[in-house]
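Asks: Fold the stuff below for me.
(one chain, ligands or ions: 1)
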Amino acid sequence: MNRRDFMRTGAMATTAGLAGGAATAPPSFTTKIIRLNLQHTWTTTMSSSQYRDTLHAAYSRDGITGHGEGAPIVRYHEDAGGAQKAAESVRDLLLQSDPMQFGKIMAQVFERVKGEWAGKAAVDIALMDWVGQKLGIPLYTYFGLDPKDAPVTTFSIGIDTPEITKQKTLEAADYPVLKVKVGLATDEPTIEAVRSVTKKPLRVDANEGWKDKEEAVRKINWLEKMGVEFIEQPLPAEMIEETRWVRSRVHIPVIADEACQRASDIPRLKEAFDGVNVKLDKSGGMLEAYRMIQIAKALGMKTMLGCMVSSSVSVTAAAHLSPLVDYADLDGNLLISNDPFHGVRVEKGKLVLPGKPGLGLTPAA
Ligand code: MG
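Replies: Here you go, the predicted model:
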C-alpha cells in the first residue's frame, strides 16, 4: 500500500462511518514505513542524514480510524523495520480486543513486545486517537488538560558551519526560544554564531557529547554566560554519579534525555538531574509518557516533552500532553518537507492544539 492509499483507507473509513455504513466492516490494523525528508541535513553528535523513516499505524473500527506513529531511535538500536514487525506482532490482540479497554491492551502489548519502543508508540497513539474520536473529545480533554496551558516550543538549530548556523537562526525568526545542539569540538563557534544574530533564550542539548565531568562543567559555565536556560544530557547516560558532580557546580537546570527512557529510570536520576525529557518514542506512547510526567512531578523534578524527527502524528500526540510540562521541544514535524498530516500548529512559538476529537489530524492535501 503506498502512502496515498494508506491515508485514503483512513479517510474512506471515516466517511463511511459518518454515513453509518461501516458499522459492520471488520476492524483493521495496518502499518507502513514512511520516509520523511528533512529540509536541512540534520547533524547531532549521533548521526547526520537527509531523511528519517518512521512507522505509521492506522487502526480502524466502527467507521473511525486512529493514526499512530513511532520514530525508531538509533541510540537504542531501533530501526523502522523492527518497529513495524513489533506493531504487526500485536495485530491479533488489537483486532480481538475492545479498544475502550486501551489500558489493558497496552499493558498486554508491553508484556508481549520487548524493546521496540517506537513500534509500541505507534500502536498506543493509533489506539488513543481512535478512543478520543469514539468519545468525541480531543485527547487533551480526555487527560483533563487545558489547551491554553500548552507551552512555547523550542525550535532546533542543527549542528553546522557557523555561516549556515547563522542562516538557520535567522530563518527561525518566528520562534522565541531556540534549542541548539552542542557536544562537539565546534561548540563555541556554534553558540557564538547563534548569539551574533539573536539575543533569544537558548536551550542547549549536548546529546551525551562531553566525555568527562570537568569538561562538562567548563562548557556549561561558559554557556551560562551566553544566556543558556538549561543543558540537556551533558554526559553519557550511564555517568549518573559524574552528572551529580556536574550539577552541583553549575547554575542552570540539567535535564536527562538519553538517561531517561522509562518510568523506572526516573527515581535514580533525581540526585543527578533537575528534570527529565519525556518522548513518546522512548516511553512507548502517550499512556506511558503521561505516567512518566506524573512520576517526575511527584519527585519534584522539572518536566519536558521532546520528540524525534517525525510527522504531525507523533508531534501532535505529544502536544496533547504538553499542557502538563515545563518545557516543550516539539518541532520534529517542522523540520520535514513532506508531512502527511496537519495537526498541532505553532503560533509565535506557542503550541496550538487542534480542537477536533482524538488527535485532531487532517490528511495533508
Ligand atoms: Mg535530547
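Asks: where does the residue of the stretch 201-350 of the chain found nearest the ion fall, phi/psi-wise?
Replies: For the stretch 201-350 of the chain and the ion, the shortest gap (C-beta to the ion) falls at residue 257, measuring 3.5 Å. (Glycine included, C-beta is placed from N, CA and C.) Dihedral pair for residue 257: phi -120, psi -80, per degrees, to the nearest 10.
Asks: residues touching it, list them.
Replies: Applying C-beta atoms under 8 Å, 6 or more residues apart in numbering to residue 257 gives the contacts 205, 207, 232-233, 276-277, 279, 306.
Asks: can we see that at 6 Å?
Replies: Residue 257 makes contacts with 232-233, 277, as judged by C-beta atoms under 6 Å, 6 or more residues apart in numbering.
Asks: Next, format the residues you listed as a markdown table and append neighbour count and secondary structure.
Replies: A markdown table is the format used below for the contacts of residue 257 (neighbours: other C-beta atoms under 10 Å; DSSP: H, G, I helix; E, B strand; the rest coil):
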| residue | neighbour count | secondary structure |
| --- | --- | --- |
| 232 | 27 | strand |
| 233 | 24 | coil |
| 277 | 26 | strand |
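Asks: out of those residues, who's nearest residue 212?
Replies: When the contacts of residue 257 are compared for distance to residue 212 (C-beta to C-beta), residue 233 wins out at 14.7 Å.
Asks: In contact with the closest one, which residues?
Replies: When contacts are counted by C-beta under 6 Å, 6+ apart, residue 233 touches 206-208, 257-258.
Asks: can you pick the most crowded of the residues you listed?
Replies: Looking at these with neighbours defined as other C-beta atoms under 10 Å, the largest count falls to residue 206 at 25 neighbours.
Asks: outside of the one helix or strand residue 59 maps to, which residues touch it?
Replies: With the criterion set as DSSP states H and E, the secondary-structure element containing residue 59 is strand 48-61. Residues from elsewhere that reach strand 48-61 (C-beta under 6 Å, 6+ apart): 10, 13, 27-38, 41, 65-71, 80, 83-84, 87, 118, 122-123, 126, 130, 309-310.
Asks: export that strand as PDB, just CAs?
Replies: The C-alpha atoms that make up strand 48-61 are tabulated as PDB, following Å, rounded to 0.1, in the frame of the first residue of the first chain:
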ATOM      1  CA  SER A  48      23.800  13.000  10.000                       C
ATOM      2  CA  SER A  49      21.200  12.400   7.300                       C
ATOM      3  CA  GLN A  50      18.700  13.800   4.800                       C
ATOM      4  CA  TYR A  51      15.700  11.700   5.700                       C
ATOM      5  CA  ARG A  52      14.200   9.600   8.500                       C
ATOM      6  CA  ASP A  53      12.000   6.600   8.300                       C
ATOM      7  CA  THR A  54       9.200   6.400  10.900                       C
ATOM      8  CA  LEU A  55       6.500   3.800  11.400                       C
ATOM      9  CA  HIS A  56       2.900   4.800  10.900                       C
ATOM     10  CA  ALA A  57      -0.100   2.700  12.100                       C
ATOM     11  CA  ALA A  58      -3.800   3.000  11.300                       C
ATOM     12  CA  TYR A  59      -6.400   1.300  13.500                       C
ATOM     13  CA  SER A  60     -10.000   1.300  12.000                       C
ATOM     14  CA  ARG A  61     -13.200   0.200  13.700                       C
END
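Asks: Can you add distance to residue 247, pLDDT and secondary structure and give the contacts of residue 233 back as CSV?
Replies: Putting those into CSV (distance: C-beta to C-beta, whole Å; pLDDT from 0 to 100; DSSP: H, G, I helix; E, B strand; the rest coil) gives the following:
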residue, distance to residue 247, pLDDT, secondary structure
206, 14, 94, coil
207, 18, 93, coil
208, 15, 95, coil
257, 15, 98, coil
258, 16, 97, coil
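Asks: Tell me how many other residues crowd residue 238.
Replies: By other C-beta under 10 Å, 11 other residues sit near residue 238.
Asks: Actually, residue 93.
Replies: When neighbours are counted by other C-beta under 10 Å, residue 93 registers 14.
Asks: show me the contacts for it.
Replies: residue 108.
Asks: Let's verify it: helix, strand, or coil?
Replies: Residue 93 carries the three-state label helix when classified by DSSP: H, G, I helix; E, B strand; the rest coil.
Asks: Relative to residue 118, how far out is residue 283?
Replies: The spacing between residue 283 and residue 118, counted by C-beta to C-beta, to the nearest Å, is 10 Å.
Asks: With neighbour numbers in mind, choose between these two.
Replies: More neighbours sit around residue 118 than around the other of residue 283 and residue 118, counting by other C-beta under 10 Å; the figures are 32 against 23.
Asks: hmm, back to that, show the buried residues in the contacts of strand 48-61.
Replies: By the neighbour-count criterion of 16 or more other C-beta atoms under 10 Å, the contacts of strand 48-61 include these buried positions: 10, 13, 28-32, 34, 36, 38, 65-71, 80, 83-84, 87, 118, 122-123, 126, 130, 309-310.
Asks: In strands, which of these fall?
Replies: The subset of the buried ones among the contacts of strand 48-61 located in strands under the criterion DSSP state E comprises 28-32, 34, 36, 38, 65-70.
Asks: Considering these, which member attains the minimum pLDDT?
Replies: Least confident of these in the model: residue 38, at 91.
Asks: Break the chain down into its structural domains.
Replies: 3-136, 141-363 (automatic domain parsing).
Asks: what's across from the residue nearest to residue 338 when sequence neighbours are not counted in the sheet?
Replies: Nearest-residue entry for residue 338: residue 37, 5.2 Å, with adjacent residues in sequence omitted and distances by C-beta to C-beta, 6 or more residues apart in numbering. Residues in a beta bridge with residue 37, per DSSP bridges, are residue 51.
Asks: ok, residue 37 to residue 336 distance?
Replies: Counting by C-beta to C-beta, the gap between residue 37 and residue 336 amounts to 6 Å.
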